[in-house]
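*Asks:* pasting the sequence and the predicted model now:
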Number of protein chains: 2
Amino acid sequence: MPATLMHTLRVDLGDRSYPIFIGRDLLADAACLRPCIAGRQVVIISNTTVAPLYMDRLRQSLGSDLAVTEVILPDGEAYKTLATVQQIFDRVLAAGHDRTTTFIALGGGVVGDMAGFAAACYQRGVVFIQVPTTLLSQVDSSVGGKTGVNHPLGKNMIGAFHQPRAVLIDTQVLQSLPAREFAAGLAEVIKYGLIRDIGFYAWLQEELPRLLAREEAVLAEAIERSCAIKADVVAADEREGGVRAILNLGHTFGHAIEAAQGYGNWLHGEAVAVGMLLAMRLSARRGWVADDEVETLAAWLARAGLPLRPPADMSAATFVQHMARDKKAVDGRMRLVLLRPLGQALVVDDADAREITDLLGAVARGA
Amino acid sequence: MPATLMHTLRVDLGDRSYPIFIGRDLLADAACLRPCIAGRQVVIISNTTVAPLYMDRLRQSLGSDLAVTEVILPDGEAYKTLATVQQIFDRVLAAGHDRTTTFIALGGGVVGDMAGFAAACYQRGVVFIQVPTTLLSQVDSSVGGKTGVNHPLGKNMIGAFHQPRAVLIDTQVLQSLPAREFAAGLAEVIKYGLIRDIGFYAWLQEELPRLLAREEAVLAEAIERSCAIKADVVAADEREGGVRAILNLGHTFGHAIEAAQGYGNWLHGEAVAVGMLLAMRLSARRGWVADDEVETLAAWLARAGLPLRPPADMSAATFVQHMARDKKAVDGRMRLVLLRPLGQALVVDDADAREITDLLGAVARGA
């Protein structure tokens, strides 16, 4: 067993508090998870891409005394549906798992969201552990307890708050991540700097070459600082009654892109990158951030390999239609996360269809 | 507007506490619910049997300033599935309800369980109100926050704990309830006496003729005392870590009957009546209650119009197979609620397949 250097963060939620273990090769050394497993039964939920790479490694390091059922889902956001969750129930019930079982998600955000939702609903709730294998899920979706599936009329419209009992982040797995997925994860890392920590934002800018080269030490620090910010915000507002909404910077625009383009065609992080840049531009149009800060961000996202513009065929009307249906909307009134100034997010509810249309028009004209 | 005499009980669950309003003609006087409605949007979920009778009355008494979407489901336990819940989401999303909406269940236990589960999952949770229209749902399923749907491999296997914001019980609606459904509800009323209140049990025996004649005052008292016992037990153990399991007297046998016969062929209360009698007999075989107490209960259930015996074509092996899959089971070990003595329930985990088989054999022989 390799020697691993492990850092442990804690998400502070009273009797639902849990650890985030971060380290190299933790998949091969998952003994730290054993105290978090409820009984002797375990369900490991993964997908056809991730399971061949890491399933055996995780099973071996968990120990041979557990009764394990593997559920291998098709890969992709297009499968993040209630119908796929029903397949999880079919498998787990047929294998006879009782309510002392523990669900483990091994994969990216799609696997984690569905496995978590299934764990929230199986026999009215069982223990759940996240083992995220993409940068995006490591810094974002695996922490905070949001679970769910998409509906043709909106992303994550069906779901539950169900906190994991633990999160295990193996930084080594990022070495094999496709470039496009790695870039998508970086978008969420950059988000944390933008909304909450200007020092982290500056550090990221400086370290970008080493991040893109996937140097372990820099990656581990970026992940740890991202998770620490997310853990802080979630601890302050678990069910998004207030401040937690700032984590959605770029997401209202982003979800509209994902829904309108068909789930899975744009990666979530790609849509969020475009959304963040739109939110920055809107903040600049209101005079809350400087124009050159917008351009710096754009240049930086481009270097990371992220898209900068909405799909060319997506009209402002389509954006507005999807955005009005966002979960943050109240009585048809859009709520958007903007920046004022850089490094500090706020939620506004006074953006109307016209302001969005003007913004998108200017972007389309390259202004 | 008619003058109504209203009693209010309270389910004490800290910041999730809620009132149970009980009274005659409350459907026509639902103003008491207004403070429990979250915003201006309301979804009323009912079925094809109940909606024609009570939908207009409820809508009118709630007031005309709300944006109401009606969702009318097919009637029956066979439709208590994830697929039906998906239909609720389709309707509610198409109508543009945001997360300030309030779901109201107008119907029996099936409608309440599904509407509650949909409310738990819609945009990760919205406010929910129960307006139960059967005796069974008034005294049992509408109180306590258990929501969910069935799976071919087990009853209520998929669900959530999601407490209602209020429960409104109109005793007048019971006058039009079919006799078979009324009897099924009485089974759960009797259960409360058996598990927790020998005085209530004696009172019910004495008042049975007036209960069966559906005399309003007696009915209202039976409902109120049942709800008070349930509220007490739920307040002590919201998520069924311990004492709440006693509410399942007769349910492990009963769920096996329901699952094996196909959902909807036996009413839930009918299956529970047979299950309670089996649990009484098992308790008597262990010497915990007297044989004549078993016969008294049997005679009494018969007078109420309830079945006394399991389906003739259901083998002991089928019972055991379904019972081992019960949500209370741990590591394949059955857990059963028995009585020791009458009026006091306890949970045992030492009943094995052989004891169940012997019991069912004796019942089949009429011993």
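*Replies:* Now that the structure is in, tell me what you want to look at.
*Asks:* alpha carbons only: can I get the lengthiest helix in chain A in CSV?
*Replies:* If you go by DSSP state H, chain A has its longest helix at helix A:216-236. Provided in CSV are the C-alpha atoms of helix A:216-236 (Å, rounded to 0.1, in the frame of the first residue of the first chain):
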residue,chain,number,x,y,z
GLU,A,216,0.1,17.4,-8.1
ALA,A,217,1.0,19.9,-5.3
VAL,A,218,-0.7,22.8,-7.1
LEU,A,219,-3.7,20.8,-7.9
ALA,A,220,-4.1,19.5,-4.4
GLU,A,221,-3.9,23.1,-3.0
ALA,A,222,-6.5,24.4,-5.6
ILE,A,223,-8.9,21.6,-4.6
GLU,A,224,-8.4,22.1,-0.9
ARG,A,225,-9.0,25.8,-1.1
SER,A,226,-12.0,25.3,-3.3
CYS,A,227,-13.5,22.7,-1.0
ALA,A,228,-12.8,24.9,2.1
ILE,A,229,-14.7,27.8,0.5
LYS,A,230,-17.6,25.6,-0.4
ALA,A,231,-17.7,24.0,3.0
ASP,A,232,-17.8,27.4,4.6
VAL,A,233,-20.7,28.6,2.5
VAL,A,234,-22.6,25.4,2.9
ALA,A,235,-22.1,25.4,6.7
ALA,A,236,-23.5,29.0,6.8
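*Asks:* so which residues on the stretch 101-250 of chain A come close to chain B?
*Replies:* A:120-125, A:146, A:148, A:151, A:153-154, A:156-161, A:239 (CB under 8 Å from any CB of the partner chain). C-beta: built from backbone N, CA, C; applies to glycine.
*Asks:* now a PyMOL select for only the buried ones of those.
*Replies:* With 16 or more other CB atoms under 10 Å in any protein chain shown as the burial test, the buried ones among these are selected in PyMOL as follows:
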select buried, chain A and resi 120+121+122+123+124+125+146+148+151+154+156+157+158+159+160+161
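*Asks:* and residue A:137, how far from residue B:152?
*Replies:* 32 Å (CB to CB, to the nearest Å).
*Asks:* out of the two, which sits in the more crowded spot?
*Replies:* Neighbour tally, residue A:137 and residue B:152, criterion other CB atoms under 10 Å in any protein chain shown: the higher count belongs to residue A:137, 27 against 13.
*Asks:* identify the residues contacting the longest helix of chain A?
*Replies:* A:7, A:9-13, A:20, A:22-24, A:135, A:138-140, A:143-145, A:167, A:169, A:171-172, A:174, A:188-189, A:192, A:196-197, A:200, A:204, A:207, A:210-211, A:243-244, A:246-247 (CB atoms under 8 Å, 6 or more residues apart in numbering or on different chains).
*Asks:* what comes up buried for that helix?
*Replies:* For helix A:216-236, by 16+ other CB under 10 Å, it's A:218-231, A:233-235.
*Asks:* again with stretch A:165-179
*Replies:* A:165, A:166, A:167, A:168, A:169, A:170, A:171, A:172, A:173, A:174, A:177.
*Asks:* which SS class is the fourth one?
*Replies:* On the three-state scheme (DSSP: H, G, I helix; E, B strand; the rest coil), residue A:168 is labelled strand.
*Asks:* who is it paired with across the strands?
*Replies:* Beta-bridge partners recorded for residue A:168 (DSSP bridges): residue A:21.
*Asks:* who's in contact with it?
*Replies:* Counting by CB under 8 Å, 6+ apart, residue A:168 touches A:21, A:26, A:27, A:30, A:32, A:33, A:129, A:130, A:131.
*Asks:* wasn't the third one part of a helix?
*Replies:* Yes: secondary structure of residue A:27, determined by three-state DSSP: located in a helix.
*Asks:* give me the distance between the closest residue to it other than its chain neighbours and residue A:229.
*Replies:* Distance criterion CB to CB, 6 or more residues apart in numbering or on different chains; nearest residue to residue A:27, sequence neighbours excluded, is residue A:170 at 4.4 Å. Counting by CB to CB, the separation of residue A:170 from residue A:229 is 21 Å.
*Asks:* ditto for residue A:249
*Replies:* 12 Å.
*Asks:* kindly indicate the member of the contacts of residue A:168 with the most neighbours.
*Replies:* The residue in these with the most neighbours, by other CB under 10 Å, is residue A:131 (32 neighbours).
*Asks:* what does stretch A:336-344 rub up against?
*Replies:* A:193-198, A:201, A:245-246, A:248-252, A:279-280, A:282-283, A:286, A:288-290, A:293, A:345-349, A:351.
*Asks:* drop anything exposed from the contacts of helix A:216-236.
*Replies:* For those, buried by 16+ other CB under 10 Å: A:9, A:11, A:20, A:22-24, A:135, A:138-140, A:143-145, A:167, A:169, A:171-172, A:174, A:188-189, A:192, A:196-197, A:200, A:204, A:207, A:211, A:243-244, A:246-247.
*Asks:* in strands, which of the residues you listed fall?
*Replies:* A:9, A:11, A:20, A:22, A:23, A:167, A:169 (DSSP state E).
*Asks:* retrieve the pLDDT associated with the closest residue to residue A:244 other than its chain neighbours.
*Replies:* With CB to CB, 6+ apart as the criterion, residue A:244 has its nearest non-adjacent residue at 4.1 Å, and that residue is residue A:237. We have a pLDDT of 94 for residue A:237.
*Asks:* isn't residue A:237 right up against residue A:246?
*Replies:* No: using CB atoms under 8 Å, residue A:237 is not in contact with residue A:246; the gap is 9.4 Å.
*Asks:* residues in contact with the residue in the stretch 151-300 of chain A positioned nearest to chain B?
*Replies:* Chain B sits closest to residue A:153 of the stretch 151-300 of chain A, with a gap of 4.2 Å, by CB to the nearest CB. With contact set as CB under 8 Å, 6+ apart, residue A:153 has these partners: A:259, A:325, B:90, B:93, B:94.
*Asks:* swap the cut-off to 7 Å and go again
*Replies:* The contact partners of residue A:153, taken as CB atoms under 7 Å, 6 or more residues apart in numbering or on different chains, are A:325, B:93, B:94.
*Asks:* residue contacts, the second one?
*Replies:* Just to be clear, that refers to residue B:93. A:151, A:153, A:154, A:157.
*Asks:* skip the chain neighbours and tell me the closest residue to the first one.
*Replies:* Closest residue to residue A:151 apart from its sequence neighbours, by CB to CB, 6+ apart: residue A:157 at 4.2 Å.
*Asks:* can you tell me which residues contact the one you found?
*Replies:* So residue A:157 contacts A:150, A:151, B:89, B:93, B:123 (CB under 7 Å, 6+ apart).
*Asks:* need the residues you listed in CSV (columns: distance to residue B:264).
*Replies:* What follows is the contacts of residue A:157, written out as CSV (distance: CB to CB, whole Å):
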residue, distance to residue B:264
A:150, 31
A:151, 28
B:89, 23
B:93, 28
B:123, 30
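*Asks:* and of those residues, the nearest to residue A:106?
*Replies:* The nearest member of the contacts of residue A:157 to residue A:106, counting by CB to CB, is residue A:150 at 20.6 Å.
*Asks:* how many neighbours does the closest one have?
*Replies:* Residues near residue A:150, counting by other CB under 10 Å: 25.
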